[in-house]
Structure formats: structure tokens, C-alpha cells
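Participant: sequence and computational prediction follow.
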Amino acid sequence: MRVDGGLEPIAEELRQEVLASDVVHTDDTPVTLAQSSGGGSRQSRVWVYLNREGRHWYEFTDSRKRDGPARVFKDFTGYLQADAYGGYDQLFFLGGATEVACMAHVRRKFVDAEATDPVLAKEAVDRIRALFQIEEAAKDLSDAARAELRDQNAPVTGGVQRLAGAGRDAGAAEVTAGACDHLCA
């Protein structure tokens, strides 16, 4: 008995529900796919798509090529929170999706920069920690109350952007510039 075909309607319903949201978070992870004939293996991807309500939809692709996200988001209009993977860029250039930086990825770039620019990296990581605390406090608020809390704390977000820009302008390490490229797009 094959189970996968029976699950397709459920997966399709989840896909539609996730993509109907005005905010979608996405990321991918590499998986090793064993070749059935001749041995060997190759890198494939599992993509996760998550809406504001916490619904998840997963998709497998043979590679990390941009045609996977391009196909998924071709008709999407809303906010797309993702890492700085270049495969998403065409979605933002075409105007359907609005790019939202993933602060966990930005933070990781600053952590990576600690060896080359420890002062800048520490300040950025501390500010991002404060931003995470603000978001934790905001998670159960209404949209209006969340927006008000974010407005009150705008200097925290602006401070992270300023630090990323300063790192890029000063010719800081490539990883700091990567944080800025992700955050200052």
C-alpha cells in the first residue's frame, strides 16, 4: 500500500493555507539523497514554509536551485521572511513578495564576525538579543499593540541596521558585510 499518494490532498491543503497567509517564513536544509542504482549520493533540499498561525508545509527538491522557491511563491503577495539566499531575489524584484530579514540568520553572521571585529559583533549580538526579547513580549499581542511596541522600540532595530551598515562601510569582515547585505536590502 502506498501512503504518499493518499497524503497529497492533505499536503496540498496545507500548502494553500500557508501561502494564503500575508506572512510566510521559509528556510531549507540539505539532505543527502542516496542513489538507488550505482551507489553514491547527492545533496537535495527540504524546504519548510511556515505561516503566522504556525502551519507548516514541507517540500523536497533535488537541488537548491531558485526554481523551487520561484514556483512556490510565483503568485504570493505578502511578507516573505527568509535567509539571504540569492534564489529568493527574483521574488522580491518581481514585486509580489516583500523581503523581511531573518534576525536569527543576521545574528549568526555577527557571531561569525566576532573573530575579526569583536566590538562591532558584540554590540550587534547584544542589540539582537534585545530585539528578540521585544518580540517575545509582543508574540501574544494584537497586531495594533505589537506595532505600537515595535514603534516604541524602533531604536533597537535601527541600531542593528546602523551597526551592519557601519561594518560594511568600514570594510569589515566578509561575514559582517553578509549581515548587512541580509539586513539592509
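Facilitator: Nice, I can see it.
Participant: can we go C-alpha only for contacts and neighbour counts from here?
Facilitator: OK.
Participant: Three-state assignment for residue 100, please.
Facilitator: Following DSSP: H, G, I helix; E, B strand; the rest coil, we place residue 100 in the strand state.
Participant: residue closest to the middle of the chain?
Facilitator: Computing the C-alpha centroid of the chain and ranking residues by C-alpha atoms, centre = their mean puts residue 82 first, at 1.9 Å.
Participant: contacting residues around it?
Facilitator: By C-alpha atoms under 8 Å, 6 or more residues apart in numbering, the contact set of residue 82 is 25-27, 99-102.
Participant: how about 10 Å then?
Facilitator: By C-alpha atoms under 10 Å, 6 or more residues apart in numbering, residue 82 lies in contact with 24-28, 49, 88, 99-105, 182.
Participant: and what of residue 77?
Facilitator: Residues counted as contacts of residue 77 (C-alpha under 10 Å, 6+ apart) are 19-24, 91, 95-98.
Participant: out of those residues, which one sits closest to residue 157?
Facilitator: Proximity of these to residue 157 was ranked by C-alpha to C-alpha; the top entry is residue 98 with 17.8 Å.
Participant: apart from its chain neighbours, what residue comes closest to that closest one?
Facilitator: Take residue 98 and drop its neighbours on the chain: the residue closest to it by C-alpha to C-alpha, 6 or more residues apart in numbering is residue 79, 4.7 Å away.
Participant: SS state for the one you found?
Facilitator: The three-state assignment at residue 79 reads strand, by three-state DSSP.
Participant: now rank the contacts of residue 82 by neighbours and give me the top one.
Facilitator: Taking other C-alpha atoms under 10 Å as the neighbour criterion, residue 24 ranks highest of the contacts of residue 82 with 27 neighbours.
Participant: can you tell me how far that residue sits from residue 15?
Facilitator: Shown here: residue 24 relative to residue 15, a distance of 11 Å by C-alpha to C-alpha, to the nearest Å.
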